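> my questions concern the predicted model and sequence given below.
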Amino acid sequence: EEIAAIITKKRTVFIWGMGLTQHTFGTENVMALVNVALMTGNLVREGAGVAPLRGQNNVQGAVDMGAIPDGLPGHFRVNDQGARNHFWGIWGKDVPETPGLSATEMFHAIQSGRIRAMYVVGENPVLSEPQSLYIRWAISKLEFFAVQEIFLTETAKLADVVLPAAMIGEKKGIVTNAARRMQYTDKAVDPPGEAKPDWWIINEIARKMGFEFGYKAVEDIWNEVRRAAPIFSGVTYERLKDSIGLFWPIYSTTHPGTPRLYTDGFAFRDRRARFHPLADPTKITFSAASEEYPFILITKRLYQHFNTGEMTRRSKLLSAAVNSAVASMNPDDAREMDIKSGDTIRITSPYASITIEATTESKEYPPRGCIFVPTHFFNRINVNALIPSQPLDPYAKIPPLKGVGVKIEKVG
């Protein structure tokens, strides 16, 4: 209420990152912010709005293409009979009405025997998924494991087959950022060795299995997307090449794009927005501190490195800036435990333990009772081994990466 009162008459942009979403109640957090933005008139006002900082440059583009368990290209849903009929008309194949599994759920399905083979494209779950020791065990139980990657990651090292893929700059395509800006990316150099564009690899696998997609170039795929998803129907490669980006929805080749959504009403029959009722916060599951595990571990990101570090750790410049993980402690907590900067500590959760250097000199040290550990150095110290894979956010299926009870001990 206090925040709403302050910003009601001010243009406000709500910006958030992974710290808000990587919880079992992450979706509820976002819904709460959207509710405040809506009630204060900051959703459609120029110079205001909501702006999530996504984890990668094309997260929005992946969701736009239906790369989520319950989605189809163009933000249709698999439980929509009309949408399934629409895609049957384009593909000539039935679309399942049951949602699939999230990445975290897939590994539990290996244990139950529901999944016996896995094909991973551009992911490093051995390092990025919670309970990483369990992930390694689950992969070992697969009958077949294939990985399509630009580097020989820790996950790729476990694969029966590694398919070398081209990276951005070695292939052309389209990326879409969190603002819905679609941008054309061109090929600058040839990929090394036997590396090929992702679409080419998948196309060839399908062909060798007896199915013809009929794609000869990446433009063929995009033209199919335009037929399948009306919000992209007006976007051509030629338009993107001649622009600094276009904002979907774009319904025709003369449509200018849509930099701001909902200026003509919201996606309901009466064109009015809806507030989202939130769960009782006292009933939300959270891996809180306990007598046995009195600290809260919070994973964090450093601006010098990216995700599991497979790309940025290969940069001499970035590795020279930061080349190892250090746990940041609150100075008062460290003083009580006789821990000084440079000491080695052991962090233990109900799932695993890691040893790591401690510091109290970080400019962003945590509040009392918490400890920060960066996530980019899993090749040396895999902090995700400490994180539980259950419970998941009931909507987005995100595991609780931003808070788990741990205990801290000084080593030596």
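Received, thanks.

> so how many other residues sit close to residue 38?
18 (other C-beta atoms under 10 Å). For every residue, glycine as well, the C-beta is placed using N, CA and C.

> surely it touches residue 273?
Yes. Judged on C-beta atoms under 8 Å, residue 38 makes contact with residue 273 at a distance of 5.5 Å.

> residue 397 and residue 100 touch, don't they?
No. Using C-beta under 8 Å, residue 397 is not in contact with residue 100, being 10.5 Å away.

> which of those two has more residues huddled nearby?
residue 397 (19 against 12).

> apart from its neighbours in sequence, what residue is nearest the more buried one?
residue 102 (3.5 Å; C-beta to C-beta, 6 or more residues apart in numbering).

> closest to the centroid, which residue in this protein?
residue 55 (5.2 Å; C-alpha atoms, centre = their mean).

> where along the stretch 51-200 of the chain do the strands fall?
Secondary structure of the stretch 51-200 of the chain (DSSP state E, counting those that start in this stretch): strands at 71-72, 76-77, 117-121, 144-149, 161-164, 173-176, 181-185.

> go through those strands and pick out the most buried.
Burial of those is given as mean neighbour count (mean count of other C-beta atoms under 10 Å); strand 173-176 ranks first at a mean of 21.

> alpha carbons of stretch 58-75, in CSV - could you do that?
Extracted C-alpha coordinates of stretch 58-75, given in CSV (Å, rounded to 0.1, in the frame of the first residue of the first chain):
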residue,chain,number,x,y,z
ASN,A,58,16.6,-15.1,-26.4
VAL,A,59,14.5,-16.4,-23.5
GLN,A,60,11.5,-14.5,-24.9
GLY,A,61,12.1,-15.8,-28.4
ALA,A,62,12.2,-19.4,-27.1
VAL,A,63,8.9,-18.9,-25.3
ASP,A,64,7.5,-17.3,-28.4
MET,A,65,8.3,-20.5,-30.3
GLY,A,66,6.5,-22.7,-27.8
ALA,A,67,9.6,-24.0,-26.0
ILE,A,68,7.7,-24.5,-22.7
PRO,A,69,5.8,-27.6,-21.5
ASP,A,70,2.3,-26.2,-22.2
GLY,A,71,3.0,-23.9,-25.1
LEU,A,72,2.8,-23.7,-28.9
PRO,A,73,4.3,-21.1,-31.2
GLY,A,74,2.7,-17.7,-30.9
HIS,A,75,1.6,-18.2,-27.3
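
> so what touches that stretch?
Stretch 58-75 is contacted by residues 54, 76-79, 83, 87, 95, 99-102, 105, 174-178, 180, 182, 225, 228-232, 248, 397 when judged by C-beta atoms under 8 Å, 6 or more residues apart in numbering.

> about what we covered before: with mean pLDDT and distance to residue 290 added, can I get the strands of the stretch 51-200 of the chain in a markdown table?
Output for the strands of the stretch 51-200 of the chain, formatted as a markdown table (pLDDT from 0 to 100; distance: least, C-beta to C-beta, whole Å):
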| stretch | mean pLDDT | distance to residue 290 |
| --- | --- | --- |
| strand 71-72 | 95 | 37 |
| strand 76-77 | 96 | 39 |
| strand 117-121 | 97 | 35 |
| strand 144-149 | 98 | 37 |
| strand 161-164 | 98 | 42 |
| strand 173-176 | 94 | 42 |
| strand 181-185 | 95 | 45 |
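
> which is the next helix or strand following the helix or strand containing residue 345?
Assigned by DSSP states H and E, residue 345 falls within strand 344-348. Next in sequence after strand 344-348, counting helices and strands by DSSP H and E, comes strand 353-359.

> the next helix or strand after that following strand - contacts with which helices or strands?
Downstream of strand 353-359, the next assigned helix or strand under DSSP H and E is strand 370-374. Counting contacts by 3 or more C-beta pairs under 8 Å, 6 or more residues apart in numbering; DSSP states H and E, strand 370-374 packs against strand 295-300, strand 326-329.

> against residue 130, how distant is residue 296?
Using C-beta to C-beta, to the nearest Å, residue 296 is found at 15 Å from residue 130.

> between these two, tell me which one has more neighbours.
Neighbour totals were compared for residue 296 and residue 130, and residue 130 leads with 26 against 19 (other C-beta under 10 Å).
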